[in-house]
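1. sharing a sequence plus its predicted fold:
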Amino acid sequence: MNKCVICGGTIEGKKVTFVFEEKDKQLFVENVSAEVCTRCGERTYSPEVTDEIMAIAKHKFQPVKIVSVPVFDYERGVAV
């Protein structure tokens, strides 16, 4: 069984949501195969998965859905 390179925890194969942020652009890719540490949550992706995610980030595919997400500013506080 593989061990996490960060903390030595156990690694499990899981489907995760990959989040990519660059300037004012966000990209969410659901159901991505990853190796995830059960202790610290560190994720690693195979070279093939990484290449596919980069192709998605470069707009080589159309999204399956578009969602609206509310954004809050922590420094401004929340009105109560």
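-> Arrived safely, thanks for sending. Residues are numbered from 1 along each chain as shown.
2. state the helix or strand in which the closest residue to residue 30 other than its chain neighbours lies.
-> Of all residues not flanking residue 30 in the chain, residue 17 sits nearest, at 5.1 Å (C-beta to C-beta, 6 or more residues apart in numbering). C-beta: built from backbone N, CA, C; applies to glycine. Taking DSSP states H and E as the criterion, residue 17 maps to strand 11-22.
3. what number of residues lie near residue 11?
-> Using other C-beta atoms under 10 Å, residue 11 has 19 neighbouring residues.
4. related to what we said a few turns ago, can you list the helices and strands that the strand holding residue 17 packs against?
-> strand 25-37, helix 47-57 (3 or more C-beta pairs under 8 Å, 6 or more residues apart in numbering; DSSP states H and E).
5. do that again at 7 Å, thanks
-> Where contact means 3 or more C-beta pairs under 7 Å, 6 or more residues apart in numbering; DSSP states H and E, strand 11-22 is packed against strand 25-37.
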